[in-house]
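Student: Next input, structure requested:
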Amino acid sequence: MPEALEVVLRTIFAVVVLFFLTKLLGKRQVSQLSFFEYITGITVGSLAAYISLDTDKTWHLGLIALVVWVAFSLGIEFLQIKSKKARDFIDFKSTVLIKDGKILENNMKKERLSTDELLEELRKKDVFRVADVEFAIMESDGAINVLLTRENQPLTPKDMGIKVAPEKETLAVIMDGKVMDEPLDNMNLSRKWLQGELEKLNLNVEDVFLGQVDSYGELTVDLYADNMKVQQPQDKPQLYALLKKCEADLELFSLSTKNKAAKQMYAGCSDQLQALLQELKPFIQN
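Tutor: Sure thing, here's the model as predicted:
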């Protein structure tokens with residue numbers, strides 16, 4: 001066999017083996033790498049290159065080394081899952097860099113982190129004053145997480161006592177101008193429903209680059225024609241307005257009737273509908 005062809009075949013073989021072994025190691029190998037995972041990635045890549053380019057008769061030894069290294073990595077990961085001491089020894093402990101707005105210089109020296117690097121990491125978190133930081137910690141993968149002081153944290157609806165609708169997964173039902181049947185089935189929706197929603201927007205499926213449906217059944221679309229504006233559906237605001245009108249009508253009936261039983265009935269229904277509107281407001285009013 002020609003040497004060049006042999007290298008090509010070995011390279012393809014190495015890529016296939018490396019792909020399956022990497023899948024075996026799991027998703028963490030391609031996300032934020034720990035110290036040991038970083039070493040594993042370098043070594044596995046070097047072994048795969050050896051298998052591809054070594055043209056003598058010992059290339060299979062590289063394959064054996066690759067399998068052994070992956071098996072050893074799986075054993076280390078299993079040990080880390082079972083033992084916190086092993087995790088701390090292999091991947092290092094997290095280190096506190098700032099506490100109560102004060103930089104811990106000894107911990108900075110321990111991690112060999114300069115003041116400029118710390119300030120740069122804080123700016124990436126939109127923090128420009130160390131005094132605004134309640135707590136900053138360097139994780140085992142080198143990332144720095146920051147907790148602001150209470151008065152500097154963003155105001156949330158919960159802080160204001162406002163109830164908001166829960167956020168759930170949004171599914172893509174149209175992609176590249178084609179309907180995705182599986183997400184529609186998962187949301188108990190049909191193509192007929194989707195077609196009706198598109199007609200409300202005066203659109204065809206072919207016009208839509210990406211269409212998504214949230215957990216409340218509202219369709220939002222991104223079109224191929226970027227300069228074209230999409231008319232936003234007004235179903236929920238119209239529903240809220242209709243319910244408000246019903247509540248006002250019930251209150252008016254209560255005031256206008258002279259029948260005590262009817263007056264109490266209308267007033268009670270008005271109060272119930274008003275309470276219901278307060279609960280539904282975050283869900284149906286945009």
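Student: which stretches of this protein form strands?
Tutor: Here the chain has its strands, by DSSP state E, at 95-99, 102-103, 133-138, 144-148, 171-175, 178-179, 208-213, 219-223.
Student: Can you lay out those as a markdown table showing mean pLDDT, mean neighbour count and distance to C269?
Tutor: Backbone N, C-alpha and C define where each C-beta goes, glycine included. Shown next, in a markdown table, are these (pLDDT from 0 to 100; neighbours: other C-beta atoms under 10 Å; distance: least, C-beta to C-beta, whole Å):
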| stretch | mean pLDDT | mean neighbour count | distance to C269 |
| --- | --- | --- | --- |
| strand 95-99 | 93 | 18 | 57 |
| strand 102-103 | 93 | 13 | 60 |
| strand 133-138 | 93 | 19 | 50 |
| strand 144-148 | 92 | 16 | 47 |
| strand 171-175 | 92 | 19 | 38 |
| strand 178-179 | 92 | 13 | 43 |
| strand 208-213 | 91 | 20 | 34 |
| strand 219-223 | 88 | 16 | 33 |
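Student: so can I have JSON lines of the ones you listed showing distance to Q278?
Tutor: Output for the strands of the chain, formatted as JSON lines (distance: least, C-beta to C-beta, whole Å):
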{"stretch": "strand 95-99", "distance to Q278": "42"}
{"stretch": "strand 102-103", "distance to Q278": "45"}
{"stretch": "strand 133-138", "distance to Q278": "35"}
{"stretch": "strand 144-148", "distance to Q278": "32"}
{"stretch": "strand 171-175", "distance to Q278": "30"}
{"stretch": "strand 178-179", "distance to Q278": "38"}
{"stretch": "strand 208-213", "distance to Q278": "27"}
{"stretch": "strand 219-223", "distance to Q278": "26"}
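Student: Could you work out which of those reaches nearest to L47?
Tutor: strand 133-138 (31.2 Å; C-beta to C-beta).
Student: Which among the strands of the chain is found nearest to S46?
Tutor: strand 133-138 (28.6 Å).
Student: Which other helices and strands does that closest one contact?
Tutor: Packing partners of strand 133-138 (3 or more C-beta pairs under 8 Å, 6 or more residues apart in numbering; DSSP states H and E): strand 95-99, helix 115-124, strand 144-148.
Student: What strands line up against the first one, and which way round?
Tutor: Sheet partners assigned to strand 95-99 using DSSP bridges are listed as strand 102-103 (antiparallel), strand 133-138 (antiparallel).
Student: coming back round to it: nearest to D249, of the helices and strands packed on strand 133-138?
Tutor: Nearest of those to D249, taken as C-beta to C-beta: strand 144-148 at 48.5 Å.
Student: tilt between the closest one and strand 95-99?
Tutor: With axes from the mean of the first three to the mean of the last three C-alpha atoms, to 10 degrees as the basis, strand 144-148 and strand 95-99 are set at 30 degrees to each other.
Student: In the sheet, which strands lie alongside strand 144-148, parallel or antiparallel?
Tutor: strand 133-138 (antiparallel).
Student: Take the helices and strands packed on strand 133-138 and lay them out in a markdown table including distance to E206.
Tutor: A markdown table is the format used below for the helices and strands packed on strand 133-138 (distance: least, C-beta to C-beta, whole Å):
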| stretch | distance to E206 |
| --- | --- |
| strand 95-99 | 54 |
| helix 115-124 | 41 |
| strand 144-148 | 45 |
